[in-house]
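Undergrad: For reference, the sequence and a predicted model appear below.
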Amino acid sequence: MTALLQLKNVSRNFGGLAALSEVSFDVHPGEILGLIGPNGAGKTTLVNLVTGVYRPSSGQIIFEDKPINRLKSYAIARMGIARTFQVMQPFPEMTVVDNVAAGALFATGASTLEEAKELAQVHLEYVDLKKFANTPAASLTLPNRKRLELAKSLAMNPKLLLLDEVMAGINSVEIDQSLGLIKSLVEKGITILLIEHIMKVVMSVCSRVVVLHHGSLICEGQPNYVTSDPQVIKAYLGSKFAARQNRVSHEQ
Amino acid sequence: MAATLFFQVLVNGLVLGGLYACIAAGFSLVWGVLNIINILHGTFVVIGSYSAYYAYIYLGVHPFISVVLAGIILFIIGYLFQRGIINRVVAAPVLITLSLTFGLDLFLNNSLLVVFSADYLKLNLANPLGVLQFAGIYVPVDRLAAMVLALFLTCLLYWVLEASRIGRAIVAVRMDREAATLMGVNAKHIYAVTFGLGALMAGSAGAMLSVIFPISPIVSTLYLSKAFVICVLGGLGSVAGAMVGGLVLGVVESFGGLIFGPEHAMTISFCLLILLLIFRPTGIMGKKGYE
Amino acid sequence: MSNDFFRLENVAAGYGDIQVLWDITIDVEPNEIVCMVGSNGAGKSTTLKLISGLLKPWSGRVIIGGEEVVYATPDQILAKGVGQVPEGRRLFNGMSVKNNLLMGAYLRKDKEVDKDLEFVYGLFPILKERRKQDAKTLSGGEQQMCAIGRGIMSRPKLLLIDELSLGLAPLVVEQLTETLKEINKTGISILLVEQDVMTAFELANRGFVLESGRVFLKGPTRLLADNPTVREAYMGI
Amino acid sequence: MRKRSKISLVVLCFFVVFAASVFLSVHEVWSADKTIRIGAPLPLTGPLAPEGKKIQQGYNLWAEEVNKKGGINVGGEPYKVEIIYHDYQSKTPRAVQLAEKLITEDKVNFLFSPFGSGATKAASGVSEKYGIPTIASTASSVAVYDQGYKYLFGTFTPNQTLTDPMSKIVKENVPNAKKVAILARNDLFPMAIANVMKKSAEEQGLKVVYFGKYAIGSMDHASALTQIRAANPDFFFATGYVNDLILIRKQMADLGVKPPAVGMVAGPAYKEFVEACGPLSENVLSASWWHPAVRYKGTSVFGPTQKYNQIFEKKYGHVPDYGHASASVAGVMLQLAIEKAGSIDPKKVRDSLASLDAMTFYGPVRFGANGQINSLKPPVFQIQGGTQVVIYPPEIKESEFKLSTK
Amino acid sequence: MKTKLVGLFVIVLLLLIPIISNNYVIRLATMMLMYSVFAMSWNFIGGMAGYPSFATASFFGLGAYAGALCQVNGVPMFLAWVIGGLVSAVFAWVLGLAILHLKGHYFAIASLIVAEVLREVINSATGITGGGMGLNIPVLRMGVDAQARLFYFSMFVIALVTLAVSAYVSGRPLGFGLKCIKQNEDAAGMTGINTTIYKTTAFTLSAVFTGGAGAFYASWVNYIDPEDVFEILISIKPIVMVLMCGAGALVGPVIGAGLFLFLEELVWRNFLTFHVGMLGLMVVFLVIFLPTGLLSVDYRKFLKKVVR
C-alpha cells in the first residue's frame, strides 16, 4: 500500500463537454499534494468526483486499495475523506458548534448528539473558534468560516483532507496563520490534497504539485520543477508571473 | 379503416396539443423568469374568454381579433398584480410565492363567480368556420385556426425573448437580477412586464378557446392543471418546451384515450409526467429555450 | 482636491444597523486608472455597491460629472456614465455572447451600438468568434473579457472593475491588464478594485488602500508599493 | 423580541376585525321569531356551483311566495320561513359536516339535502341520527332511499323512469335502430344514468356497440367520438353535466358524428345548453323529472304549473327547468306536510310526509315506502326550434320526435 | 417552563372541549386536530428536511381508501386506521426513493402530481373503489353524542402520538441530520449523512400519520370520493398552517392549524358566496404582511435579498 488515493484514467463529461479527461495521479500517505490550474481546469470537478458528488464517466478512483467511484458521498465520508468548500459554508443557519458536531456525529459515529457536541468543542478549541460556538455559522467573518470548515472536516477524523481554495479571499497575514495550521495537520497524520490558486501557498507547503489544464494533467513534480516547466508557464503562469515569482523567491 | 382511425386520432391529438401549448406558454414564461408558479394562470385564461365572449356579443368583434384585446386587458391586470402585490415576495422561496398566487387566485376566481355566475357560456359564431374533410379525416377549422394562431403567438413570444431589447432584459433579470440592475435594468418593471406577458398569453389563449370550450370561472383549474403538466413535460421555463410539451400531451391523451379508454387518458399523461420527472427532470426539451 | 469628475466625499454606509464604511473619500480624474485594494471585508465591495446605486450612503456626498448624486438608482448612475464589471463576471448564462454585450447597451437608444460592438470585438477577437455561443461555455478568461466588453458597451466615462484577477490564471490576468490600458487610452477612466495588490499596482497610477472600512493609505502606486506596511500586509514580502 | 410583539399586535388586530364581523352576523339570527328554520347545504362554489345556484333559486322562490302570503299555517298560527344556506364548496364530506352544523348549531327544524345522490346519501345519515325530516330535491338513485332511513324523502323517481321511455322512443322512431353508443362521465349520477340506459336499450333489443367513460374534468372527447363514429350507432347517448355535454355536442359536429338520434342527460334541460350549443342543440333528445310544458292543477302556494312558470319568470327573467322546480316543490311538500300535521314537531311532520297525497305544479306527490316519490311520470323532450318541446308522455306532448339531421 | 405551562393549558382545553360543547364544535375541533396532524406530518419533510412536499393529499387519500376498503371488507375500525397508515407509509417509502432526488420546484411538482395520478387511478378502478361514485363506509351503531366524542378522542390520541414522534425525532441524530440536509444537502452527504435514507425516512414519517388520519376520516364521515380525499387544498393548507407559526417550533404546526381553521370558519360563516375569496385574501394578507410568521423557512435569506 503505497498510495492512499489513486486516480486511474479518470474522465468526467457534462453533456458533451469534457470536464476531466484521463487524469491519473497518486496521493501518498502523509504528504501535502498541491493541485493547481486555471479556473475551469477541472479542479473542483475532481474534488466532487473523489467525494462522490459525481461519478466518473470512466476510470477508477481507489482509496486504501478499495474502489470508491461507485460509492455515495456519505459512504466515502465515513471511509475517511473529508473536504472543505470553496465559497459557501455548509450549514449557514446552524450554530458553529452544530456544524462541527455534524461532522463528528455522522462520519465517525459518535453515538449520541451530546457526545458529538462535546467532541465538537474540542475541535473548535483547536482552530480557536470556541468563543463563537453558539453563533450561527453565517455570521462568521470569512477567515473564521475557513477555520470552521477546517474544524468540521477534522471532526470527521479524516485520513485524507481535500482543501478546496481555503486561502482564497484572505490576506497574507491570515494566510501565514493558516499555513501553520495546515502543517500541524500533517503532523497529526492527515494526508492533504490542497487545491489552490495562490502560488505562494503552494510553493511553501506542498511536497509535490500536479497541474491541471483544460481537464488534463499537464505536469507533476516538485514545486520548483513545476513552476519552471515551460508548458505550465505557457498555459498557466505567464512569463511575467514566472519572472516575478523568481524575483520573490530571490528576495526571500 | 385502421389507417383512417390512426390519422384521425393523430390529427385530433395535434390540434388539441396546439391549443394546450398556447395555454402553457405564458405559464411557462412566468415560471421560468420569475420562478413563480402562477396559480392565477387558469383564471387569467377564463378572463380572456369572457373578454372575447362579451366583445363578440356586444361589439360583434370576432374572437380571433379579440385575441389582441384580451391580451391587452390581461397584460394590464398581470402587470398591476405583479407590481402591486407579487413583487413583494418575488425572491422568496417557492412555498411562499405559491401560497400567495394561490390566495390571489381564490380571491380573483371567487370574484368572477360572483360577477359572471357559474353558468356555462359558449361563444357561437354567426358564421361557423365549418369542418375540413379529406380522406375520411375531419379537421374542425375553428380548432385548426386557433391552433395556428396559438402557435404563431408562441413563436412571437419566443422571438421577443430572443431578439428584442425587452426580451434580453427579461432573460438577463432571470439569470442574474443584480447584474441586470447594474446594466440599468429596472428589475421590478421587468418582472411586472414578464408577468404581464404571461397574463397576456393567458388572455389571448382564453380568447381563442372561447369558440371551443364552454366558459365559466369553474374551468380555470382545468386550464391550470394542463399548463402545469405541459410545462413539466416540455421543461420548466422554456417557451419552445411549452410548445413541444403541449403537442406531446395532446397526442398522448388522444392515443391513450383510444387505446385504454377515455377515462384513462389523463391518468396516462400524469404517469408519463411522473416517469419523466423521475428520469429526466429537465423535461423533453431540457433547459433550452431561453434558459 | 476639487476633482468633480468622480468623487466620494466623507461617505459612511452599511447594512441595517451595521456600519461598514466610515468617512471614505476617494476620487478619480478623467483618463486615469485608479485602484482600490484591501483585504476581504475591508469594505471594497460595499463601496462599489454604493457607487453603483445599489446601496444608499448614510452620510457624505457622491459627485459624478460635477453633480452631486442624491439617491440615484443604478440606471441613473449608469446614465451618468459610470459602468461596472461586477465581481465574478456575472454574465447572463443562457444568453449568447453578443446578447450579453448588448445588455451592456441596454439603456442606450442611439444608433452607434453596432459600432461599439465592433470596437469590443476588435479588443477581444475571440468574442467575435464566439458571439453566438452561450456565455456560460466560455472559459474564465473569455468570460472576464465578455464582462469587460459588456461594461464598455454602455459608453461609460468611468468603468468600475471589481476583482479583475479573481479565479483567473496569471497569464490571463496579464493579457487583460494590457487590454485595460488600451481601453483607458480611448478616454475611459478606470477604478479597479483588487485583492491581488501586485496586479493592481502594476496597472494603476494611483491607489487607495482600504482597511476596516476606512481609507488607510493613498497615493501613487509606486510609492505605495514601497510602503513597508503594504509590503508586509498585502504583498507578503 | 421586538419583532415578536409586533406580530402579535397585527394578529390581534386581525382577530378583532373578525370577531366584530361575527357579532354582526349573530345579530341577524336574533331578530327572527316565530319562524320555521330550514337548513340547506348547497354547492355554491366549486364545480357544482351552477347546479347549486339553481337549487337555491328554487328554494328562495318558494320561501318568498310563502312569506308573501303570511307564512305557513301551523295549527292556526302563521310561521315565517327562513332558509339557512351554507356553501359546501362541492365537497361531499363538507356537506355532511354542514348537515350536522345546521342541526346542532343553527337549530334548524328541517333540512333540504345537498346536491345529487352521492352527497344526499352521505348527509342523510346525519339527519337520520338526529331525526330531522329531510327532503332531497336532486337525488334519483334508488340506493339513496334503500338505506332503511325514515326521515328522508325525495322528489325524483328512479333513473330508469327516464331512460326507459327514451330508448322506447328511439326504437319506435328510428328506422332499423339496432346499435347504441353510450358515453358517460365517470361520476355518480352520470354513471348511474348510463348504466340504466344500457339496460333500457338492451330491453328494447338495441345492441350496445360502445360504452365509454370519460374522466371528470376531461377537456377533449375526440378519441371517444372518433371510435363512436367508426361504430356508426343509430342512437348516441351521452351523460354528464352541462359543460361536458356542450363540449361533446360541439365535438360531435367537428368530427362528423351524425347518428339519427342523439340523447343527452342532464344538459339539454337547461337553457345554458341550448344557448351555448346554438343550432347544434337541435333535435337533441333528453328527459327530466319535470318540464315547464307539463300541466298540473296544483293546489299549493304556486297553484297550477303555468302559474309557477309565470312567478318564476317574473322573478328570474327566464323559464324554470326541472332543477328549479324540484327545489321549489321540496318546499311545497314540506309546507303541505306541516300544515297537515298542524305542528312542527319533526316526528309528526315526518309521518305527515310519509302519508302525503297531494297535487302540485310539479305533479302528484306520493312517496313510496322508501321515501322516494312514486307518483310521477317524467317527461321526455327534444330540442326543436331552439326550445325544449315535450314528446312524451302522450297526454302532454307538444310535438313529434324528429330525427337528427346535423 | 413557560412553554410547558402553555402546552399543559392547551391540552386541558382540548380535553374540556367535548364536555362543554355541542357536536358541531366537537366536529370542528376534531377537524382541527386532524389538520394539526397533517401540519406536523408535513413538518417532517417540509420543515425539517426543507423539501417542499405537496404529497399530503396523496398520503391522506391513499390512507382513506385503504382504511375504507378494509372496513368495507369487515376489518375492525381501529385496525383499519393502522392499515391505512401503513399503506401510506409503504407508498411514501417507495415514492420517496423515486422522487426525493429531485430538488425545489421539480420535487414540488412531482409530489403534487402524485395525488392527481392516484385520484385518476382510484377513479377508474370502479370495480374496487366505486370510482367517481364514491365509497360508503359502514356506520357505527352508537349514539350521536358518543360517536362524536369517540372520534374526537381518537383523533386527539393520533395527534398526541404525532407530536411525541416529532419531539423525539427532532432531538435525535435523525432530526439533526435532516436539519443539515435542509441547509445543504451535498455537504450533508459529504459529512457522512446517508441523505437518501434520511430523506426517505422523513417522507415516510410524514405519510404514516397522514395516512392513519385518512383512514380515520373515512370512518368518521362514512363516505369518501376521489375528488374529495385527493383535493389539492389538503396539500396546501397544512403548509400555510406551518408557515403561519414558523416551521421550526414543534407545537407551531398545531397552533397554526388551530388559527387557520378558526379564521377559515369565521370567514366562511360571514360570507356565504364569497368566503373562498375572503380566504384567499386572508392568505395573501398573511404572506404579504406577516412574513415574520413565515420566518423560519428562509427568512434570513429572504431579507438579504430584499435588502440587496
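TA: Yes, it's here.

Undergrad: burial measure for A:Phe132, as a count.
TA: 19 (other C-beta atoms under 10 Å in any protein chain shown). All C-beta spots, glycine's among them, are computed from the backbone N, C-alpha and C.

Undergrad: Does it touch A:Leu140 like I think?
TA: Yes. Applying C-beta atoms under 8 Å, one finds A:Phe132 in contact with A:Leu140, separated by 6.3 Å.

Undergrad: Now for the closest residue to C:Leu102 other than its chain neighbours, how many residues are close by?
TA: Leaving out its chain neighbours, the residue that sits closest to C:Leu102 by C-beta to C-beta, 6 or more residues apart in numbering or on different chains is B:Arg168, at 6.2 Å. Counted with other C-beta under 10 Å, residues neighbouring B:Arg168 total 26.

Undergrad: distance of B:Arg168 from chain D?
TA: Counting by C-beta to the nearest C-beta, to the nearest Å, the separation of B:Arg168 from chain D is 36 Å.

Undergrad: can I assume that residue is in contact with C:Tyr106?
TA: Yes. The criterion here is C-beta under 8 Å, and B:Arg168 meets it with C:Tyr106 at 7.4 Å.

Undergrad: Chain C: helices as residue ranges?
TA: Applying DSSP state H to chain C gives helices spanning C:44-51, C:74-79, C:97-104, C:113-123, C:125-129, C:140-152, C:170-185, C:197-203, C:221-226, C:228-233.

Undergrad: Adding mean neighbour count and distance to B:Met201, write those helices out as a markdown table.
TA: A markdown table is the format used below for those (neighbours: other C-beta atoms under 10 Å in any protein chain shown; distance: least, C-beta to C-beta, whole Å):
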| stretch | mean neighbour count | distance to B:Met201 |
| --- | --- | --- |
| helix C:44-51 | 23 | 36 |
| helix C:74-79 | 19 | 27 |
| helix C:97-104 | 25 | 22 |
| helix C:113-123 | 16 | 29 |
| helix C:125-129 | 15 | 34 |
| helix C:140-152 | 24 | 30 |
| helix C:170-185 | 18 | 42 |
| helix C:197-203 | 22 | 49 |
| helix C:221-226 | 16 | 55 |
| helix C:228-233 | 14 | 57 |
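
Undergrad: Could you say which one of the ones you listed comes nearest to D:Pro378?
TA: helix C:97-104 (68.2 Å; C-beta to C-beta).

Undergrad: With adjacent residues omitted, what lies nearest to residue 196?
TA: You didn't pick a chain, so chain A it is. Counting by C-beta to C-beta, 6+ apart, the residue nearest A:Glu196 is A:Val202, at 5.1 Å.

Undergrad: Oops, wrong one, chain C.
TA: C:Ser165 (4.6 Å).

Undergrad: Apart from its neighbours in sequence, what residue is nearest residue 66?
TA: Here I'm looking at chain A. Closest to A:Lys66 by C-beta to C-beta, 6+ apart is A:Met79, at 7.6 Å.

Undergrad: Not quite, go with chain C.
TA: C:Asp4 (4.3 Å).

Undergrad: Check C:Thr73 too.
TA: Per C-beta to C-beta, 6+ apart, closest to C:Thr73 is C:Gly53, 5.3 Å.

Undergrad: Then A:Leu105?
TA: A:Ala116 (3.8 Å).

Undergrad: which element is that neighbour on?
TA: Using DSSP states H and E, A:Ala116 sits within helix A:113-126.

Undergrad: Let me see the contact set for residue 202.
TA: With no chain named, the answer covers chain A. The neighbours of A:Val202, taking C-beta atoms under 8 Å, 6 or more residues apart in numbering or on different chains as the test, are A:Gly34, A:Ile36, A:Leu194, A:Glu196, A:Val209, A:Pro223.

Undergrad: Can you look at chain C instead?
TA: If you count contacts by C-beta under 8 Å, 6+ apart, C:Glu202 has them with C:Thr177.

Undergrad: I'd like to know how far the residue nearest to E:Phe260 when sequence neighbours are not counted sits from E:Phe203.
TA: Among residues not flanking E:Phe260 along the chain, E:Met241 sits closest, at 4.8 Å (C-beta to C-beta, 6+ apart). Distance of E:Met241 to E:Phe203, given as C-beta to C-beta, to the nearest Å: 19 Å.

Undergrad: B:Ala24 too?
TA: 29 Å.

Undergrad: When those two are compared, which one has more neighbours?
TA: For the pair B:Ala24 and E:Phe203, the greater number of neighbours falls to B:Ala24 (33 against 25), based on other C-beta under 10 Å.

Undergrad: which secondary structure element contains the more buried one?
TA: helix B:2-34.

Undergrad: Do that helix and chain D come into contact?
TA: Yes. Using C-beta under 8 Å from any C-beta of the partner chain, helix B:2-34 reaches chain D at B:Leu5, B:Gln8, B:Val9, B:Asn12, B:Gly13, B:Leu16.

Undergrad: Of the residues you listed, which is the most crowded?
TA: B:Asn12 (31 neighbours).

Undergrad: and the spatially closest residue to it that is not a sequence neighbour, how many neighbours does it have?
TA: Excluding its sequence neighbours, the residue lying closest to B:Asn12 (C-beta to C-beta, 6+ apart) is D:Ala222, at 3.7 Å. Neighbourhood size, D:Ala222 [other C-beta under 10 Å]: 27.

Undergrad: Is D:Ala222 in contact with B:Val9, as I believe?
TA: Yes. Here D:Ala222 reaches B:Val9: they are 7.4 Å apart, a contact under C-beta under 8 Å.
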